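Novice: coords please:
(2 chains)
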Amino acid sequence: KQEVTQIPAALSVPEGENLVLNCSFTDSAIYNLQWFRQDPGKGLTSLLLIQSSQREQTSGRLNASLDKSSGRSTLYIAASQPGDSATYLCAVPPRSNSGYALNFGKGTSLLVTP
Amino acid sequence: GAVVSQHPSWVICKSGTSVKIECRSLDFQATTMFWYRQFPKQSLMLMATSNEGSKATYEQGVEKDKFLINHASLTLSTLTVTSAHPEDSSFYICSARGNFEFGNEQFFGPGTRLTVL
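Specialist: Okay, here's the model as predicted:
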């Protein structure tokens, strides 16, 4: 079964800093990888989707990279803002074709202080 | 991106009652929907895969007779928690898989907070 690990579990940074969130997965045969944001008590907001054939995706201040061979993805947030405070989840489908259900990491809880 | 809604957003019920949660894809057809459960400070765990017009596939450890799933149309899946107990209190989130134009991306609903007294 695909296992997803996220490091660090929690992160606190002052406003304006650039930061990197890490995600690793055990089975490199993935279809794609998604990064989500979850605010407390809320659902998920999709941030970036990287297809297995891609190496990175960018959206605004966010950049996600994918290295399938090493089983790693990083989410880079530039010029962090207090509004970026949330839990960030990384998710990949399992190796087997189970209809693209996602395996989630436990997330990185980010706090950006003014 | 595509939009998925859930109803209700939160529900409080007495132990032993049943609760139905709806998941709708608003602007696309979803042949497959997924139901996840999230306990406090934990990640999302897949409960079941719901395919339109067929029986749901449940993950190991999830009781199919307790968590009834119906996917009667391409835009609606329902999860019914039967005879709910306090340990069923959780955050239930559904997702719908878009068709090819969405790159098989999954779109998530806003979640339903269930509290069983």
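Novice: Following the chain onward from whatever helix or strand A:Trp35 lives in, which element is next?
Specialist: Using DSSP states H and E, A:Trp35 falls within strand A:32-38. Note on strand A:32-38: by DSSP H and E, the next helix or strand toward the C-terminus is strand A:44-51.
Novice: Tell me the strands beside whichever helix or strand comes after that following strand, with direction?
Specialist: On the C-terminal side of strand A:44-51, the closest following helix or strand by DSSP H and E is strand A:56-59. Under the criterion DSSP bridges, strand A:56-59 sits next to strand A:62-67 (antiparallel) in its sheet.
Novice: List the buried residues for the partner strand?
Specialist: Neighbour counts over strand A:62-67 (16 or more other Cβ atoms under 10 Å in any protein chain shown) mark A:62-66 as buried. The way it works is simple: take the backbone N, C-alpha and C, and place the C-beta from them, glycine included.
Novice: show me where pLDDT drops low in chain A?
Specialist: By pLDDT under 70, the low-scoring segments of chain A are A:95-100.
Novice: who in it is up against chain B?
Specialist: Contact residues (Cβ under 8 Å from any Cβ of the partner chain) of chain A with chain B: A:31-32, A:34, A:36, A:41-46, A:49, A:51, A:89, A:91, A:98-107.
Novice: Buried among those residues? Need that as a selection in ChimeraX.
Specialist: Written as a ChimeraX command, the selection of buried residues from the residues of chain A next to chain B, which uses 16+ other Cβ under 10 Å, is:
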select /A:32,34,36,42,43,44,46,49,89,91,98,99,100,101,102,103,104,105,106,107
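Novice: what angle separates the strand holding A:Trp35 from strand A:44-51?
Specialist: 160 degrees (axes from the mean of the first three to the mean of the last three Cα atoms, to 10 degrees).
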